[in-house]
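*Asks:* whatever this is, show me its structure:
(chains A and B)
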Amino acid sequence: MEFVIQIVMTGLTMGSMYALAAVGLSLIYGTLGMFNMAHGLFMTFGGYMAYSAATTFGIPLVLGIVVAMVAGAAIGMVTHLVIVRFMLGTPDFGTNVLVATAGLGIVIEDLLLKTYGGYPYPQPLTVDGFTRVAGVTLTYQAMIIFVVALVLIVGVAWLLKFTRFGRAIRATAMNREAAMLMGVKADTVYLQVMALAGMLAGVAGLMISTQATLSPQMGGDLLLKAFVICVVAGLGNVWGAGLCAFVLALLEAAIGFYVGVRFGFPAMLLLVIVVLIWRPQGLFGRERVVRL
Amino acid sequence: MTGFDTLTRHLMIGLVVIVAFAVLPVFIAQRYWLGEVVVFFIWAMVAMNWNLLMGHAGVFSLAQMLFFAVGAYGTAMVVTFTGLSVWAAIPIAAASSMVLALVVGLACLRLTGAYVALLTYAIAEMIHVLIITDTDCFTLIRNNCQQLFGGATGFSRFDDFGFRLLLKRDWMLGNYYTVLVAFGVTITAVVVIIHGRLGLAFRAIRDNVGYASSRGIDRKKYQVAAFAISALLTGLAGGVYAGHFRFAGPSLFEFSTLMFILAIVVVGGLGSTWGPLVGTGIMMIVVEVSKEMGDSRNLVLGLALVVFVVLLPKGLAQLTTGLPGLKGRRLLFARKTDHANTT
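*Replies:* Numbers count the residues shown, from 1 in each chain, chains lettered A, B, ... in the order given. Sure, this is the predicted structure:
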């Protein structure tokens, strides 16, 4: 029984971080129709900026989260203004933008490597201490991660569902031309979406670096996991992505515990392969009739 | 150039390229430079095949280095575990690569565009992770633990082509001409496919699936064929890589290696015939120069990818085919249909 609780705790902590990453990725796909291969580096960037701010000014965790959010949003906006804006609507946008963002990812990773070095740092923005619930150790850090992720995701859900700003995003995602005819500025919406997704990614990066260490490569695995989650949920399905993040993290923790840690990630990849082959629209996606 | 059809003309260009490389050792004798040209051959083979699959057949696969790795690993494993010579191991490895490609190709058929990229990348990454986390010893080689798939270190120091004994000091020349033969076979095959009926079918499917199908071109059949052919030749490249370097390891699966080849194809020009060859030359020189300027290899690779995709999406080949960007600009206004295709 204790094992089960432990697995659930690990799953919820990892799931919170995956959800932050996957919701942003899904939001970008749903609105702009692009796979953001630089999303992993948005996370890494957020983690490093929070680290820099913490070591320079000695700020508390709350301010660190704000720094990570601002850094993530900034890099998301820069990506849109420097690269994506020029590619929207060009032939083969879907594949070309994948190559361009992958290239951007390599550039950011290399710049971080040059600035901070390849040696992994511990993240100073952590909270020590733990409490014991029903014989299971529960660190305060894990609780903070869960609460922060929950607040942010509920916040984004509220933004999308109940504000004018969110309605513009949803309208653009549904039908760009119709939204533009109704006076929605599509270019501004795209910029806002990139900023919002970058913000979530920045926080995800900070949270992950508190669980492991900071390294320029840390975003790679996360990006893949976020992709897996988005595909399993159905690409562009923001709510599904949030839910799937927790389910898949629980699954990964369970497989890691019962079968072996080395099989946790491959099992997720196998799942995405199976889903892509048998149900390409994802578990929550509706079947789309494609006209040839 | 009148009097020749396109295929003959390109075959003649290919012949000139092969002959030029065949006489090159007369002018360059240093082992280092010959080694660099061998590397050029290998990457050019991979890039030409990727261009065939991605640029002509329109299958955006990210499993290219997986097929290369299957060729290299297959060769290394056959040589290490069975004691057969490299010469026998390479065809076996290339054939295994093709078999794997048939399976991956059939799985990818239900998907299009960027989904194929995700699926192929997930497959390659899963195999990568399973290989590097494997710690169970399969046998002992020279009293060292040897995992079935090489584990985190891979295979090294197995028997190579055997020219060290045969040609003594000139062993590099033996390797050079062996790889040149593989290179020659590859470019001839790729040119014949691109400019033959098969290539025409590939481009018809790439440009308009519906129209191609209505004219009796089966998308499934041709895209699986593209996968299999490209993987067979990429596996061959992987095999000669293993035979030349006496190495096959997880570094082949690394993202930066994949991005290096992708940069070659994108810079050279997707959908061209000779673009990948030009791209390989340029990217190798650029990477070599950037290494001397404080190891900025990845920075240069990333920038090259971004700049070319944004400004010259058809690569350097676009510069040679008349007015660049004219077709693209006209399509800019056709945003609606394009957006519908990508989502």
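
*Asks:* count the neighbours of residue 241 for me.
*Replies:* In the absence of a named chain, this looks at chain A. Around residue A:241 there are 31 other residues, counting by other CB atoms under 10 Å in any protein chain shown. Backbone N, C-alpha and C define where each C-beta goes, glycine included.

*Asks:* sorry, should have said chain B
*Replies:* For residue B:241, using other CB under 10 Å, the count is 29.

*Asks:* that one and residue B:70 touch, don't they?
*Replies:* No: if you go by CB atoms under 8 Å, residue B:241 and residue B:70 don't touch, sitting 11.6 Å apart.

*Asks:* check the secondary structure at residue A:89 for me.
*Replies:* coil (DSSP: H, G, I helix; E, B strand; the rest coil).

*Asks:* what residues are up against residue 145?
*Replies:* Reading this off chain A. A:13, A:16, A:17, A:207, A:210, A:211 (CB atoms under 8 Å, 6 or more residues apart in numbering or on different chains).

*Asks:* my bad, the chain I had in mind was chain B
*Replies:* Counting by CB under 8 Å, 6+ apart, residue B:145 has contacts B:137, B:151.

*Asks:* buried ones in whatever helix or strand it lives in?
*Replies:* Applying DSSP states H and E as the criterion places residue B:145 in strand B:144-147. Buried residues in strand B:144-147, counted by 16 or more other CB atoms under 10 Å in any protein chain shown: B:146, B:147.

*Asks:* mean confidence score for the helix or strand following that strand?
*Replies:* Where DSSP H and E defines the elements, the next helix or strand beyond strand B:144-147 is strand B:155-156. Strand B:155-156 shows a mean pLDDT of 84 in the predicted model.

*Asks:* now find how far off-centre strand B:155-156 is within its chain.
*Replies:* Relative to the chain's own centre, strand B:155-156 is displaced by 21 Å; criterion: CA atoms, centre = their mean, to the nearest Å.

*Asks:* what does whichever helix or strand comes after that strand rub up against?
*Replies:* Using DSSP H and E, the helix or strand that follows strand B:155-156 in sequence is helix B:163-166. Contacts of helix B:163-166 with the rest of the structure, by CB under 8 Å, 6+ apart, involve B:170, B:171, B:172, B:173, B:174, B:175, B:178.

*Asks:* let's see it at 7 Å
*Replies:* B:171, B:174, B:175 (CB atoms under 7 Å, 6 or more residues apart in numbering or on different chains).

*Asks:* in that helix, what counts as buried?
*Replies:* Those would be residue B:163, for helix B:163-166 by 16+ other CB under 10 Å.

*Asks:* neighbours of residue 219, just the number please.
*Replies:* All of this refers to chain A. There are 29 residues near residue A:219, going by other CB under 10 Å.

*Asks:* wrong one, I was asking about chain B
*Replies:* 19.

*Asks:* ok, now which ones touch it?
*Replies:* Contacts of residue B:219 by CB under 7 Å, 6+ apart are B:205, B:209, B:213.

*Asks:* neighbours around the first one, how many?
*Replies:* It refers to residue B:205. 24.

*Asks:* name the helix or strand for it, please.
*Replies:* With DSSP H and E as the test, residue B:205 turns up in helix B:197-207.

*Asks:* helices or strands up against that helix?
*Replies:* helix B:219-245 (3 or more CB pairs under 7 Å, 6 or more residues apart in numbering or on different chains; DSSP states H and E).

*Asks:* and the next element down the chain from the helix it packs on?
*Replies:* strand B:247-248.

*Asks:* which strands and helices sit next to that next one?
*Replies:* For strand B:247-248, the packing partners by 3+ CB pairs under 7 Å, 6+ apart are helix B:64-82, strand B:155-156.

*Asks:* what about 6 Å?
*Replies:* The contact analysis (3 or more CB pairs under 6 Å, 6 or more residues apart in numbering or on different chains; DSSP states H and E) places strand B:247-248 against helix B:64-82.

*Asks:* ok, the contacts of helix B:163-166 vs residue B:147, which is closest?
*Replies:* Nearest to residue B:147 among the contacts of helix B:163-166: residue B:175, at 27.4 Å, using CB to CB.

*Asks:* what's the spacing between the closest residue to residue A:3 other than its chain neighbours and residue A:138?
*Replies:* Of all residues beyond its chain neighbours, the one nearest residue A:3 is residue A:257 (6.7 Å), with distances taken as CB to CB, 6 or more residues apart in numbering or on different chains. Using CB to CB, to the nearest Å, residue A:257 is found at 17 Å from residue A:138.
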